[in-house]
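**Q** Build me a structure from this.
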Amino acid sequence: MKKSMKNSLMSTALLLSVLLIAMLYFFFSYLPEEKKQENSGRQGLFPGLVKEDVIFISILYRSPPNIYQTDIEFISNRFMMIKPEVCEANQEAVRIVLNDLQGIYSENILTNTGKDVFKEYGLDNPAAKVKLKMSDSSIKELDIGSKTPVGNMSYATVSSTPGVVYLVYSYKFKNLEKSSDSFRGRDIFTIPVDDIDQVEVIKKDSKPIIFGKDMKEKILSLCTLFASSFYDGRVDREVLKRYGLTDPVFKVRIFAAGYKADRLYIGVRQNSGSWPGYLPDKNELVFINAPDLEKILSLRREN
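**A** Numbering: from 1, shown residues only. Okay, here's the model as predicted:
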């Protein structure tokens, strides 16, 4: 009987020893690895970025079912969009993006990550990608993956630290995750206001109203009109007819020495309140907010 109890106690002690060894192995092997993989700390994704040295920006943004690819290049002291079409970029929108990139910090860092982890975090097929080319020809890249289940954060990587995943508050990427139209220049007229010599406004079935340099203050709101949105698609005669632009309600022409005349045709006001505007020299259809345009439609030449 005593021998049986002794054997039982020995078995129990052996089992407890095995469990203790397993717990120690877990504590010293597994937990430190987890701690090594997740390091709290605030770190800039683009330390030392000088935004004035950026000469090219490429932004790919996926918003299913759409994929937007926007390429912007610094040419002759201005940012120009070169993809999806060649036009002046929205200088303010580009400035905001560069400011954001310069100031993006992570709230947490994951290291020792592999392909499986990248897939789990949506970084194998990123929701957005940003590529910067600097004046010294160096390249900086940012990939933005999935959002975290909780905490309003997104997973991100940068090319300068391969294998490292950053957790960044999602709102910091809001100015990157936009369609190409968000980065297009919105000025309707290309002639600088100070160079304008004459503005001609022709209302349908009415005589032209002509404004000279002496009326510049009155027509300033016209000369600085901007597009609130753009028509997405091919602009042909049927499209122009649909928006009342084959027989415009208004025509506007702006003249200045040394410039080609700017022309704008204004069609029928939409139910949304905006006005369609056609730029014949660009074959471009834009939409203009009603309050901006209604001031112009009521213009009168005062003698």
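**Q** What about Arg237, how many residues nearby?
**A** The tally of other residues near Arg237 (other CB atoms under 10 Å) stands at 9. For the C-beta atoms, the positions are set from N, CA and C on the backbone; glycine is no exception.
**Q** If you could redo that for Gly185, that was the one I meant.
**A** Neighbours of Gly185 under the rule other CB under 10 Å: 20.
**Q** contacting residues for it?
**A** 81, 87-91 (CB atoms under 8 Å, 6 or more residues apart in numbering).
**Q** Now do the contacts for the residue lying closest to it once chain neighbours are set aside.
**A** Once flanking residues are discounted, Gly185 sits nearest to Glu88: 3.6 Å by CB to CB, 6 or more residues apart in numbering. Contact analysis of Glu88 by CB under 8 Å, 6+ apart lists 78-81, 184-185, 187.
**Q** does Glu88 belong to a helix or a strand, and which?
**A** Glu88 belongs to strand 87-88 when assigned by DSSP states H and E.
**Q** so how far is that strand from its chain's centroid?
**A** Mean-position distance between strand 87-88 and its chain equals 16 Å (CA atoms, centre = their mean, to the nearest Å).
**Q** now stretch 192-206
**A** On CA atoms, centre = their mean, the centre of stretch 192-206 falls 34 Å from that of its chain.
**Q** Show me what counts as buried in that stretch.
**A** For stretch 192-206, the buried set under the neighbour-count rule, 16 or more other CB atoms under 10 Å, comprises 196, 199, 201-202.
**Q** what's the farthest-apart pair in those residues?
**A** Pairwise distances across these peak at 16.8 Å for Ile196 and Ile202 (criterion: CB to CB).
**Q** Which residue ranges of the stretch 151-300 of the chain form helices?
**A** 220-223, 237-242, 290-297 (DSSP state H, counting those that start in this stretch).
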